[in-house]
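K.L.:
Return atomic coordinates for the entry below.
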Amino acid sequence: MAQRRMFTKEITTSDAFVDMPASSQLLYFHLGMEADDEGFIGNARMLSRAYGTSTDDLRLLIAKGFIIAFDSGVTVVKDWNLNNKIRRDRSKPTIYSEEKNQLVLDATGAYQHVNQLTTDVQPHDNQMATNWQPNTGETVDFIDVNQLTTKSQPNVRIGKDRLGKDRLEEERQVEDSSSSIVANPLPSMLMNSLSENGFMSTDLTPIQQQTLIAYVEDDGMEFDVLAKAIESASNANARTFNYVKGTMEKKLKQGVKTVADWDANENNFKQRKSLGNKQPDSTNIPQWMLDNMRELEGE
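P.N.:
This is a model prediction of the structure:
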């Protein structure tokens, strides 16, 4: 598998790309680095969280058309072949062959999902598998979009006016979907809490940060509980991921969801400890035992 990844300025300097939030742009680059040699990613949702972004950023990339998502959860970088030119002898075929079979290549080499084509298309006879030739000489077997025709009008290409109208409608849909996306504030809240308590920015990896955020997102704990665990680690001069995680695991097992739960739990513990250390009441001691104690003290 090739270790280097590239990105074309035609994509990364386009208006559609730079208009996205920085977190969405960052996720695009990370997905490009993590993809296999044909641009497929099997764990994009996990990666979006691991790198401090959110599933909203992933949804925006899909809505904008930079990423194609499949029902299986697998995703692919749409313009992978524009970004990367990998020699065939160094390229490792993707394991996601089922998803690959749902794609075609357009004239530029960009992936297109067969279900997203604007018309119900049928290939010419004997043209089911047309080879698209990248500049490197690599041969990739796909249906060539340029050889596809409509059912109602065989061998007639879609007019530019129609394509322009379809593109405008698609952009309107993208704007409508992206307008409702709200950035996830938890990563920045976590970084602020860590910084305020003396943690260095390199003390926790992105995956470790997301593990802590999961206590809030997945387990329903207040962020203030996580902030208090971070403060506790700082007060104990143990500014490590394991200390904070251990505290959160302990509180989770105790059923702590809020700071009020935390304080109530600690108060109950102190009361039980105080009762355990309390000296026995002499009024509950039998009289004969008290007499024996006095006789021993008089000796």
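K.L.:
can you pull the buried residues of the helix or strand where Gly246 lies?
P.N.:
Take DSSP states H and E as the rule and Gly246 turns out to sit in helix 241-253. Neighbour-count burial for helix 241-253 flags Phe241, Tyr243, Val244, Lys245, Thr247, Met248, Lys251 (criterion: 16 or more other C-beta atoms under 10 Å). Where C-beta positions appear, they are placed from N, C-alpha and C, glycine not excepted.
K.L.:
Residues contacting it, please?
P.N.:
Defining contact as C-beta atoms under 8 Å, 6 or more residues apart in numbering, one finds that helix 241-253 is touched by 203-205, 208, 211-212, 215, 219, 221, 225-226, 229-230, 232-233, 236, 262, 265.
K.L.:
that older thread, including distance to Lys9, could the buried residues of helix 241-253 go into TSV?
P.N.:
Shown next, in TSV, are these (distance: C-beta to C-beta, whole Å):
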residue	distance to Lys9
Phe241	38
Tyr243	44
Val244	41
Lys245	41
Thr247	46
Met248	43
Lys251	48
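K.L.:
distance of Leu194 from Ala110?
P.N.:
To Ala110, Leu194 is 40 Å away according to C-beta to C-beta, to the nearest Å.
K.L.:
same deal with Lys100?
P.N.:
Computed as C-beta to C-beta, the Lys100 to Ala110 distance reads 14 Å.
K.L.:
Could you single out the nearest of the buried residues of helix 241-253 to Glu34?
P.N.:
Closest to Glu34 out of these is Phe241 (22.2 Å), distances taken as C-beta to C-beta.
K.L.:
So for that closest one, what's the pLDDT?
P.N.:
Looking at Phe241, its pLDDT stands at 92.
K.L.:
Stretch 86-105: which residues count as buried?
P.N.:
Neighbour-count burial for stretch 86-105, counted by 16+ other C-beta under 10 Å, picks out Ile86, Ser91, Thr94, Tyr96, Glu99, Lys100, Gln102, Leu103, Val104, Leu105.
K.L.:
Please report phi then psi for Val104.
P.N.:
phi -130, psi 170 (degrees, to the nearest 10).
K.L.:
List the beta-bridge partners for it.
P.N.:
Taking DSSP bridges, one finds Gln112, Ile143 as the beta-bridge partners of Val104.
K.L.:
now the helices for the stretch 1-150 of the chain?
P.N.:
With DSSP state H, counting those that start in this stretch as the criterion, the stretch 1-150 of the chain has helices at 9-12, 15-18, 22-34, 44-50, 55-64, 80-83, 97-100.
K.L.:
No more questions from me, cheers.
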